[in-house]
Each structure stands twice: as structure tokens, then as C-alpha cells.
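# Let's see this in three dimensions:
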Amino acid sequence: MMYKLSLLLRKIKSRKRLQAVTATFAEDKSWIAAHIQRPEPGGEDNLLIIRLDDIGDYVLFRNMLPYYSAMYPHRKLFLLGNMAWKGLFEAVDAIHDITPIWVDKKQYFKDPAYRHALWQRLADLGFTEVIAPSVSRNVLLDDLCVMAAGAVNNTGVGQLYEVPELLPLSRGLYTSLVNIPRNIYEFEGNRLAAEIITSKLVDIKKPYLPKLSSGQQPSSIGLFIGANAVSRRWSNEGWKGLAAMLRRQYPAHTILILGGPDDTDSAAAILEGFAGDGQVVSRAGTLALPDTISLIQQLDLLVSNNSMAYHVGMASGIPTVIITSGENPYRFTTFSADLFPDVRVVYPERFKAHWQVYTERQQFKFEPVKADIQGIPAATVMAAAREVFR
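Just a heads-up that it's a prediction; the model follows:
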């Protein structure tokens, strides 16, 4: 009953959001047409790549940058990026001949003056081509920036995971749409898109992230408790139970609770019962992004919600256990076991039952609710951890 009620409320909110986004898109589209000043044609031949999704998405995309950079070696390449992963870009990707333009997404959505200034800056740069290769692009962000840039040639991905009903709003913005299969691992989708757009073989099979630091963390296990949606968060009780099991199983290891500033209260709740022993320690909310990534890269084992942390762990070769509600499994958590032998995924029971009965990969759909992931027992996660860390 609670599950059906949750889905009903979600559908009502989704319908209202669809109406609001449609209205906002029309309003902003009119503003761009009326107010953006265009430079005289015949200026610099600049290329813009738009990648404004989250940190984990960037980890699964960043290996494509050299291919896009080599696509037009004599053109100046710009990257419109999310401020959230600026630290990561500067740590490992600033070596590429790419000029970043950073966007504070929170400010973008709440401050019209900020949006308008960004749109005018994009127009002033006189881009001749724009590439928007994300399947999770936001029509009010990525697509409006494409419109503001005013390039002659615009290439985008023809399918969207984020509210696909909105796709017709922006379809006319693109002179070319790249069609990649739905329901494939996001890194593979990025690779296929790069191959099609650049017309070059992209011969990398899995994401790779170089070490950000040469330091070595003493024997430690990381529990990344953060996630950007309630339906992606395991319960505090689950994390607490897992920490107790890991503490007994691996007495020589420090158990590090990791997360962002929004996770400090949950970290404090998980720490209850471990105070003073020094083996279970919280670092949640205390580290900048590059430091968090560097720490993850030094772990002996990472256990994480569906968040950027597990993408970092997998791309860094760290034994990783992913706790997930089952949201977009093919995009996020279905990958070759041969490529990632030290990764395990723990799903809720309701998801696993649903998984067994569907027949068409392209039609697979599962809508998780908070109760799904929070019902996963700590013992199940511990069993997965033992498989990858012995």
C-alpha cells in the first residue's frame, strides 16, 4: 500500500514538474531570442562540449576528452562543466588543451541574472559547433545553453533518461542527433557516442582515473553514505550494522565513514555505539572533492550507495560493493564482470523479483522507493564485501 501511495505521489509531482518545465523553457527560449546579442560572423572557429551532469557522470565521461580534443586539432575547444567537479578536472584533466567554463547549477536555476550572463558569454565566444553528449542532460540547462551559444552545428544524444517526455521541446535545436542504445552502462554509452561523433575508434573498455596522490592511507575500509536522492540512501541502521560486522571481521582496519556536508548528521547517528574506540571514524563533510577521491583511491575496500564514490572506486581499481535501489540498473550497475571482477552490486528483494520476470531489455522499467533500499539487510552487504575483500 505504501509503495503504491509513493508512486502515486511521485506521478502527481512529475506531472506538475513537466508542466512547470515546459512553461519555463518557453519563457527562457523567448528571452534568448529577444535579448542575446550575437557577434559578427567570421570570428574564431570555436568548439563547445557541454557536460553539466554530476560528479559520477563526469568520471564515466572524462576518458572521452582526448578523443574530442583530437577531433579538431586546429580548433579551440571549450568545456562547459559543472562546478561540482571542478576540483577533479583541475587535478587530472587540465593537461588537455581545453578551456573550461564553470557553471554553478544551484545559482543558475535560482538567479535569472546569472543565467542571462552565462548565455551572453556563450554567445560572445562565437562557437561554430556545440556537442552535448549527455543522456541525462537537462533541457533547462544544457539545451538552453546550446540555444544561447547559437552555433551553426549542434550535436546531441537522441535519447534522454531524465524526463524523456521533454525531448520534443529541444529536438529542433540540434542539427544532428546521435542514437545510442537505451539501457546500457553509461560509460559504454559515452564511448559509443564519442565513436560516432568523432568517427574514430574509441578503444577504451572501462573508465580509468589516475591516482590523485602518491600518499598511502593506513589499512582502511570506506563507507560512503551519501547519495543525491532519498531512494538511493541505505538506512543509518544498515550502515551501523555493517560497520559493526566489518569491525569484528577486520580488526586491523579503520572504518571510515565518508560523505558530503549534508551527511554529517547521518554519520553522527551511525557513530553512536562506536564512540571512543578509534576504529570507526567519520570524515563526512570534512574533505574537498579531490581529497575525498584521493582517500577512496587508497582504501582496501569501498562500500557505497549509488553515488559518485563507487564510480571513483571502480575507475581506480578499488574493491567495491554498491548498495542500490535498482534505479536505472543497466545505466549504472550492469557492467561486465570480466572488466570489474572485484565489484559486487547489492539490490533490494523487490527489484530482484521484478528483474526475473521482465523479458525485453529495452522496455525494462523499475521505480524504486525509499523502503526498497532501506530494507536491505546489513548481513547481505557484508557477504558481498567478503567476496571482494578477503
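# Only the buried residues of the helix or strand where residue 265 lies, if you could.
According to DSSP states H and E, residue 265 maps onto helix 264-271. By neighbour count on 16 or more other C-beta atoms under 10 Å, the buried set for helix 264-271 is 266-267, 270-271. Every residue, glycine included, has its C-beta placed from N, CA and C.
# Likewise for stretch 140-153?
140-151.
# you'd agree residue 71 is up against residue 198?
Yes: using C-beta atoms under 8 Å, residue 71 is in contact with residue 198, at 4.6 Å.
# Tell me where the chain has strands.
For the chain, the strands defined by DSSP state E occupy 46-51, 76-82, 98-103, 127-132, 153-157, 176-178, 220-224, 254-258, 280-282, 301-305, 320-323, 343-346.
# can you state the direction angle for the longest one and strand 127-132?
Okay, so that is strand 76-82. With axes from the mean of the first three to the mean of the last three C-alpha atoms, to 10 degrees defining the directions, strand 76-82 sits at 40 degrees from strand 127-132.
# Give the rounded mean pLDDT of the helix holding residue 265.
Per-residue pLDDT values across helix 264-271 average out to 95.
# Can you check the pLDDT for residue 357?
Reading off the model, residue 357 has pLDDT 67.
# same question, residue 234
96.
# which phi and psi does residue 200 have?
phi -130, psi 150 (degrees, to the nearest 10).
# and it, what is it in contact with?
67, 70-71, 194 (C-beta atoms under 8 Å, 6 or more residues apart in numbering).
# Tell me which two of the residues you listed sit farthest apart.
Using C-beta to C-beta, the two most remote members of these are 70 and 194, lying 10.6 Å apart.
# out of these two, which sits in the busier spot?
Ranked by neighbour count (other C-beta atoms under 10 Å), residue 70 and residue 194 place residue 194 first, with 24 against 13.
# So the more buried one sits against residue 67, correct?
Yes: using C-beta under 8 Å, residue 194 is in contact with residue 67, at 5.0 Å.
# Need the residues touching each of those two.
200, 202.
# how much space between the closest residue to residue 217 other than its chain neighbours and residue 315?
Using C-beta to C-beta, 6 or more residues apart in numbering and skipping residues adjacent in sequence, the residue nearest residue 217 is residue 298, 3.6 Å away. In this view, residue 298 and residue 315 are 14 Å apart by C-beta to C-beta, to the nearest Å.
# More neighbours: which of the two?
Just comparing residue 298 and residue 315: by other C-beta under 10 Å the higher neighbour count belongs to residue 315, 24 against 18.
# contacting residues for the more buried one?
Counting by C-beta under 8 Å, 6+ apart, residue 315 has contacts 59-60, 206-209.
# try 10 Å
When contacts are counted by C-beta atoms under 10 Å, 6 or more residues apart in numbering, residue 315 is found next to 56, 59-60, 62-63, 187, 206-210, 293, 296-297, 340.
# What subset of those is buried?
The neighbour count (16+ other C-beta under 10 Å) marks 56, 59-60, 62-63, 187, 206-207, 209, 293, 296-297, 340 as buried among those.
# Filter those down to the ones in helices?
Counting by DSSP state H, the buried ones among the contacts of residue 315 place 56, 59, 187, 293, 296 in helices.
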